[in-house]
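# Just the structure for this:
(chains A and B)
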Amino acid sequence: MRDVAIIGVGCTEFGELWDKSFRELFVEAGVSALADANVQGGKIDALYVGNMSGGRFIEQEHIGALIADYSGLASLHIPSTRVEAACASGGLALRQGIIAVASGYHDIVIAGGAEKMTDVGVETTTDALAAAADREWEGVMGATFPGLYAMIARLHMHKYGTTQEQLAAVAVKNHHNGTMNPKAQFQNEISIETVINSVMVADPLRVFDCSPITDGASAVVLAPAEIAHKYTDTPVYVKASAQASGTISLHDRPDITTLDATVAAANRAYKMAKLTSKDIDFAEVHDCFTIAEICAIEDLGFVKKGEGGKAAESGITAIGGKIPINPSGGLKACGHPVGATGVKQAVEITHQLRGEAGKRQIEGAEIGLTHNVGGSGGTAVVHIFGRER
Amino acid sequence: MSVPRFWRRLKNLYNLIGTRCEKCGENYYPPRNMCTRCRRNGKIVPFKFKGKGEVLTYTIVHSAAKDYAKHTPYILAIIKLDEGPRLTSQVICAHEDIHIGMKVKSAFRRLGEESEKGMIYYGTKFIPLETVK
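Take a look at the predicted model:
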């Protein structure tokens, strides 16, 4: 296997982008990644596109061909593959791209993700997202995604004494980080009171505990590490790419408050990178709900099980803290265009490791981790990136 | 869900019939046709659950997908059946009474409907085992 590097990144702004279509969003992200890498389109060997539900959100399947065509790559007949794993579609597309380069099958690969979620009403969006759970045995019983994570939160509070204010602290911290990210959907500060007094979605989760519905796209350009310096002075090296499956239904999870796919993917990633959780300087984790960030930092090994609630409250996960989490603003404030999210996490890590993250720059960042989850934990993807090969 | 997709599961949904692996004794609800322990070596047969269990965790859903929107707020829970398996269902009781560890029993109830002219779904929900005072 060959070492792989990210040589260029691109991302659209995230938000309710009424005037932009799905294809326009992806092309915008892809073009900016290629410009960043200083690579011509004709050099691309393959394209991987993370997308959860083109079929439900824009009534469009065959996303791979659509994207290749509108990226001007159809006449070059560049292979283009759509990758789907619910909200982990982006992370998985990135992993497929990395595997393609590592194996030697392709040299220059674009891994991207896109989702256009605001062309349909909120009830349709809720139902499309619920398809990430087991339709026959969760969805039909009235389960929604906030409902599933709310049941994780309820049990976490019961077992570990996690409080409503600790959940809210995650949202407050991520909104603060979002104020320093010009691409973020929400760039405003909020308070604990804003969160705990907001509308109830699924008790105990309120609307400010939930990531928003977002349009957006992101892309990275991958190359073999040995030629990365031909394209950029600041390649970011992939130190590990790991993926794990878990039960699709939350009720079948051995411990409802542990995403054991995250634990498995993280252990594989640490082993591959020959690192431990202590070596990670910062991380972009899958905070689709505030409780999800709390579980993530526990399951990734940054804090002990049950102590995730205290982390945001005590400030250790803030920029400048012991283990900064979600400097981009995370899914909560940067936004969550589901197919794009896993790739956007790698874009943020790249900006941080290159030292170009502006006001939200983490000083001395050398090693960053991304964590992308599909559904309530049926899929987990963990990547580790470093400034040094 | 489409009519045939729902119809195919009627006996499971109405009567709480799951499956059991005769080889290792593991019970499954929702039903599985492959034992997760024995895999290909298992022997799967139908198994009827008694319908008693306890609430492992719960939420009160205030914002639902389209077929369920008019039922909000409702209690969604993960129930651990006495025979072992866990499932997701709704609990019918006063919202202030629901709690982790509550003993419940199954009840045949309407799950939802597609539209005024659409199909009505029935299935198994849960009610408190003893009247809560």
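# Nearest residue to the spatially most distant residue from the centre of chain B in space, ignoring adjacent ones along the chain?
Ranked by distance from the centre of chain B (CA atoms, centre = their mean), the top residue is residue B:41, with 27.5 Å. Once flanking residues are discounted, residue B:41 sits nearest to residue B:23: 6.6 Å by CB to CB, 6 or more residues apart in numbering or on different chains. All C-beta atoms are positioned from the backbone trio N, CA, C, and that covers glycine.
# is it true that residue A:381 touches residue A:240?
No: shown here, residue A:381 and residue A:240 do not form a contact pair, counting by CB atoms under 8 Å, at 10.9 Å.
# If you count surrounding residues, which of those two has more?
residue A:381 (29 against 21; other CB atoms under 10 Å in any protein chain shown).
# gap between the helix or strand containing that one and the chain center?
Applying DSSP states H and E as the criterion places residue A:381 in strand A:379-386. Mean C-alpha position of strand A:379-386 versus that of the full chain (CA atoms, centre = their mean, to the nearest Å) differs by 10 Å.
# The residue nearest to residue B:41 contacts residue B:38, correct?
Yes: counting by CB under 8 Å, residue B:38 is a contact partner of residue B:23 at 5.0 Å.
# still on that earlier bit, sheet partners, orientation included, of the strand holding residue A:381?
Here strand A:379-386 is paired, per DSSP bridges, with strand A:236-245 (antiparallel), strand A:367-374 (antiparallel).
# Flag every buried residue along the last one.
Spelled out, it's strand A:367-374. A:367, A:368, A:369, A:370, A:371, A:372, A:373, A:374 (16 or more other CB atoms under 10 Å in any protein chain shown).
# State whether residue A:292 is indeed within a helix.
Yes: checked against DSSP: H, G, I helix; E, B strand; the rest coil, residue A:292 lies within a helix.
# Count the residues that sit near it.
For residue A:292, the tally of surrounding residues (other CB under 10 Å) stands at 30.
# Next one, pLDDT for residue 16 please.
Chain wasn't specified; assuming chain A. Predicted confidence (pLDDT) for residue A:16: 97.
# To clarify, I was referring to chain B.
Looking at residue B:16, its pLDDT reads 95.
# so it makes contact with residue B:48?
Yes: the pair residue B:16 / residue B:48 is scored as a contact, 6.7 Å apart, by CB under 8 Å.
# Which of the two has more residues huddled nearby?
It is residue B:16, of residue B:16 and residue B:48, that has more neighbours when counted by other CB under 10 Å, with 21 against 14.
# what's the distance between the more buried one and residue B:50?
Distance, residue B:16 to residue B:50, using CB to CB, to the nearest Å: 8 Å.
# do the same with residue B:56
Per CB to CB, residue B:56 is found 17 Å from residue B:50.
# again with residue A:83
43 Å.
# more neighbours, those two?
residue A:83 (26 against 11).
# Please identify the buried residues of stretch A:344-356?
Those would be A:344, A:345, A:346, A:347, A:348, A:349, A:350, A:351, A:352, A:353, A:354, for stretch A:344-356 by 16+ other CB under 10 Å.
# Quick one: distance of the helix or strand harbouring the third one to the chain centre.
Assigned by DSSP H and E, residue A:346 belongs to helix A:338-354. The offset between the C-alpha centroid of helix A:338-354 and the centroid of the whole chain comes to 7 Å, using CA atoms, centre = their mean.
# Can that helix be said to contact chain B?
No: Helix A:338-354 stays clear of chain B (CB under 8 Å from any CB of the partner chain), getting no nearer than 15.9 Å.
# relative to strand A:379-386, how tilted is that helix?
Per axes from the mean of the first three to the mean of the last three CA atoms, to 10 degrees, the angle that helix A:338-354 makes with strand A:379-386 is 20 degrees.
# Give me the average confidence score over helix A:338-354.
98.
# burial of residue 44, as a residue count?
Using chain A. 23.
# Please refer instead to chain B.
Here the number of neighbours of residue B:44 (other CB under 10 Å) works out to 18.
# Repeat that for residue B:80.
When counting by other CB under 10 Å, one arrives at 18 neighbours for residue B:80.
# Spit out the contact partners of it.
By CB atoms under 8 Å, 6 or more residues apart in numbering or on different chains, the residues touching residue B:80 are B:53, B:54, B:56, B:86.
# tell me the pLDDT at the third one?
At residue B:56 the predicted local distance difference test score is 98.
# Just give the nearest non-adjacent residue to it, would you?
Residue B:56's closest residue in space is residue B:78 (CB to CB, 6+ apart), at 4.5 Å.
# wait, is the one you found part of a helix?
No: read with three-state DSSP, residue B:78 is strand and lies in no helix.
# Now do it: how many residues are near it, please.
Residue B:78: 28 neighbours (other CB under 10 Å).
# Is the residue farthest from the centre of chain B in a helix, a strand, or coil?
Assignment for residue B:41 (three-state DSSP): coil.
# That one contacts residue B:22, doesn't it?
No: at 11.3 Å, residue B:41 and residue B:22 do not qualify as touching, with contact defined as CB under 8 Å.
# residues of the helix or strand bottoming out on mean pLDDT in chain A that come out buried?
None of the helices or strands of chain A scores lower by mean pLDDT, DSSP states H and E than helix A:122-130, at a mean of 88. Going by neighbour count (16+ other CB under 10 Å), the buried part of helix A:122-130 is A:125, A:126, A:127, A:128, A:129, A:130.
# between the next helix or strand after that helix and helix A:122-130, what angle do the directions make?
Per DSSP H and E, the first helix or strand lying C-terminal to helix A:122-130 is helix A:145-160. Using the same axes, to 10 degrees, one finds that helix A:145-160 and helix A:122-130 are set 60 degrees apart in direction.
# what's helix A:145-160 packed up against?
Using 3 or more CB pairs under 8 Å, 6 or more residues apart in numbering or on different chains; DSSP states H and E, the elements in contact with helix A:145-160 are helix A:122-130, strand A:200-202, strand A:205-206, helix A:290-299, helix A:308-314, strand B:52-61, strand B:74-81.
# So what sits opposite the most centrally placed residue in chain B in the bridge?
Most central in chain B under CA atoms, centre = their mean is residue B:89, positioned 4.3 Å from the mean C-alpha point. Here residue B:89 shows beta-bridge partners residue B:77, assigned using DSSP bridges.
# List the contacts of it.
For residue B:89, the contacting residues are A:141, B:76, B:77, B:79, B:124, B:125, B:126, by CB under 8 Å, 6+ apart.
# Then residue A:98?
So residue A:98 contacts A:4, A:111, A:222, A:238, A:241, A:383 (CB under 8 Å, 6+ apart).
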